[in-house]
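1. Got a sequence here, can you build the structure:
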Amino acid sequence: MYNLDIFLTNTKSGKKEKFVPIDASNVRMYVCGPTVYSRPHIGNARAAVVFDTLYRVLKIKYGSVTYVRNLTDIDDKIIEASKVQGITVDELTRMVTKQYHDDILELGCLKPSIEPRARDHIDDMVNIIRLLISNGHAYIASDHVLFDVQSFDGYCDLSSRDIDEMVGGARVQVEDYKKYHADFVLWKPEEEQGLGFYSPWGYGRPGWHIECSAMSYKYLGLDFDIHGGGIDLLFPHHENERAQSCCAFPNSIFAKYWVHNGFLNIDGQKMSKSLNNIKVVEDLLNAGFDGSVIRYALLSAHYRKPLNFEDKLLEDAKKSLQKFEEAIALHDISESTDELDERALEVLFDDMNTPLLFSRMHKIASSTDRHSAQILFNIMKLLGFSKRRDNAIPKDVMDLFAEREFARKSKDWKKSDELRSILVDLGYEIRDSNDGTRIIKIL
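-> So this is what the prediction gives:
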């Protein structure tokens, strides 16, 4: 539909590259979703919003996109949390999965094409582990199956780390049964019945990394276009995924482009339980910040850059969206059209430069003609910003505003002032400027 090229920063090369899909008739993207053990926090939300935006961008250009976002529902944290809450693992994961779905729906995220649960793909994981053993890339030791990282020459090519310096930062346990300190678990034994699965290597559970390799292969095949996730997953998770997939299937490149969103800090500090500063999406929604405001705030910094999440960011987002909505309401635009602003698309296609796109939207919103309002509405819909009905200006108020505008242009200053007073009493402020006149709901 659009001849503009898409550019993405590929973590593997460290460069911004022109996106050329393996098969333009079906672009394929895999994104690591949440581990469902607790209510989604704002860090989970940033990844969801960033890759939802990329999904939307790809759909504009190519139409057909298969977007797989997994749910990790097998994990030590899940088992621990279920015991603390006194419920089963299945009860916990289903509850948190629903919470995650509810929260990101509020943020305007589309459903992925496929959302696989790890526990539904144990057989797929077992089959890949078998391949790794037969290919000489995995070994059995002390009832564990481990990946032999020294058997893969490309290990650490993705994260650009020194294999001999990475152990401490990656929290890799150096067990005496490992051939090499960086070897990681593909399968481990589980003593408690009901928490594991039967396999050729005994009753146990899969390692975290093998889960995503199995699910991406199941739904996207040997090679696919984009692998996404937060930068915190780059090492060891994505490095290990890539290693085991390339070794299980020697002719595979696995993912062509690796795309990562940056860290999210809270008021200048890393978000962590120890600092008691974890912001949960539900709490922000309950505090009066609707999903569109949170979404805007999460996109206000470039996706690759760190984002400092603070109250001012949310207040600024609210004001920006209000400006856009007022410009749209001025002309009572309620339906989208196919027309999009080419400059807006250029910055969006250029490595999803949403901060620059928002600047462009502010410029469009400053125009007072109907065409600009329509273009702004189209961009808002494209980006996943639903029109917030609670802040929308009612038609009777807009009729008074239009009557006031007519009186002002007719130089009927008395009538104009009377109508302004009526609007103020109704809770609206009139702002006259060189760029035109705006009506703003007083918050």
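2. use CA for all of it now, contacts and neighbours both
-> Noted.
3. hang on, residue 48 in a helix?
-> Yes: checked against DSSP: H, G, I helix; E, B strand; the rest coil, residue 48 lies within a helix.
4. switch to numbering from 44
-> Shifting the count to begin at 44 puts that one at residue 91.
5. tally of neighbours for it?
-> By other C-alpha atoms under 10 Å, 26 other residues sit near residue 91.
6. How much space separates it from residue 113?
-> Separation of residue 91 from residue 113 (C-alpha to C-alpha, to the nearest Å) stands at 11 Å.
7. Domain ranges for the protein, per the record?
-> 50-304, 309-425, 438-484 (automatic domain parsing).
8. related to what we said a few turns ago, which neighbours do residue 91 and residue 113 share?
-> Residues touching both residue 91 and residue 113 (C-alpha atoms under 8 Å, 6 or more residues apart in numbering): residue 76.
9. Redo the domains of the chain as JSON lines? Include mean pLDDT.
-> As requested, those are arranged in JSON lines below (pLDDT from 0 to 100):
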{"stretch": "domain 50-304", "mean pLDDT": "95"}
{"stretch": "domain 309-425", "mean pLDDT": "93"}
{"stretch": "domain 438-484", "mean pLDDT": "81"}
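10. ok, and for the helix or strand hosting residue 420, which residues are buried?
-> Using DSSP states H and E, residue 420 maps to helix 413-425. For helix 413-425, the neighbour count (16 or more other C-alpha atoms under 10 Å) marks 415-423, 425 as buried.
11. Mind giving me the packing neighbours of that helix?
-> Secondary-structure packing of helix 413-425 (3 or more C-alpha pairs under 8 Å, 6 or more residues apart in numbering; DSSP states H and E): helix 354-372, helix 397-408.
12. Skipping its backbone neighbours, what lies nearest residue 58 in space?
-> Once flanking residues are discounted, residue 58 sits nearest to residue 52: 5.4 Å by C-alpha to C-alpha, 6 or more residues apart in numbering.
13. repeat for residue 394
-> Nearest to residue 394 is residue 51, by C-alpha to C-alpha, 6+ apart, at 4.5 Å.
14. who does that neighbour bridge with?
-> Per DSSP bridges, the residues bridged to residue 51 are residue 60.
15. That one reaches residue 57, doesn't it?
-> No: applying C-alpha atoms under 8 Å as the test, residue 51 and residue 57 come out as separate, 10.3 Å apart.
16. So between those two, which is more surrounded?
-> Remark: of residue 51 and residue 57, residue 51 carries more neighbours, 19 against 12, as counted by other C-alpha under 10 Å.
17. what about that one, distance to residue 323?
-> 29 Å.
18. Contacts for stretch 62-76, please.
-> Counting by C-alpha under 8 Å, 6+ apart, 48-51, 91, 94, 101, 105-115, 255, 259, 263, 267-272 sit against stretch 62-76.
19. rewinding a little: take the buried residues of helix 413-425 and write them to TSV, including distance to residue 138.
-> Putting the buried residues of helix 413-425 into TSV (distance: C-alpha to C-alpha, whole Å) gives the following:
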residue	distance to residue 138
415	44
416	41
417	40
418	40
419	38
420	35
421	35
422	34
423	31
425	30
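20. returning to that earlier point: OK, contacts around the residue nearest to residue 394?
-> 59-62, 302, 393-395.
21. Now, of the residues you listed, which are buried?
-> Buried members of the contacts of residue 51, counted by 16+ other C-alpha under 10 Å: 62, 302, 393-395.
22. Those residues: which two are farthest apart?
-> 302 and 393 (13.5 Å; C-alpha to C-alpha).
23. wait, isn't residue 463 in contact with residue 469?
-> No: between residue 463 and residue 469 there is no contact under C-alpha under 8 Å: 9.8 Å.
24. of the two, who's got more company?
-> Counting neighbours by other C-alpha under 10 Å for residue 463 and for residue 469 shows that residue 463 has the greater number, 20 against 12.
25. Would you agree the more buried one falls within a strand?
-> No: secondary structure of residue 463 (three-state DSSP): helix, not part of a strand.
26. and residue 245, how far is that from residue 113?
-> 26 Å.
27. re earlier: how about the helices and strands packed on helix 413-425 in JSON lines, adding mean neighbour count and distance to residue 347?
-> Compiled in JSON lines, the helices and strands packed on helix 413-425 are given as follows (neighbours: other C-alpha atoms under 10 Å; distance: least, C-alpha to C-alpha, whole Å):
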{"stretch": "helix 354-372", "mean neighbour count": "19", "distance to residue 347": "17"}
{"stretch": "helix 397-408", "mean neighbour count": "18", "distance to residue 347": "11"}
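28. which stretch among the ones you listed comes nearest residue 287?
-> Here helix 397-408 is closest among those (C-alpha to C-alpha), at 34.3 Å.
29. Check which helices and strands the closest one sits against.
-> In terms of contacts (3+ C-alpha pairs under 8 Å, 6+ apart), helix 397-408 is packed against helix 354-372, helix 385-392, helix 413-425.
30. Using TSV, please lay out the ones you listed together with distance to residue 309.
-> Shown next, in TSV, are the helices and strands packed on helix 397-408 (distance: least, C-alpha to C-alpha, whole Å):
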stretch	distance to residue 309
helix 354-372	10
helix 385-392	26
helix 413-425	27
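31. quick one: which of the ones you listed is nearest residue 121?
-> With C-alpha to C-alpha, the closest approach to residue 121 among these belongs to helix 354-372: 30.7 Å.
32. Any buried residues in stretch 65-74, and which?
-> 69-74.
33. first to last residue in that stretch, what's the distance?
-> 17 Å.
34. can you give me how far it is from the chain middle?
-> Once both centres are worked out by C-alpha atoms, centre = their mean, to the nearest Å, stretch 65-74 turns out to sit 17 Å from its chain's centre.
35. I am finished for the moment; much appreciated.
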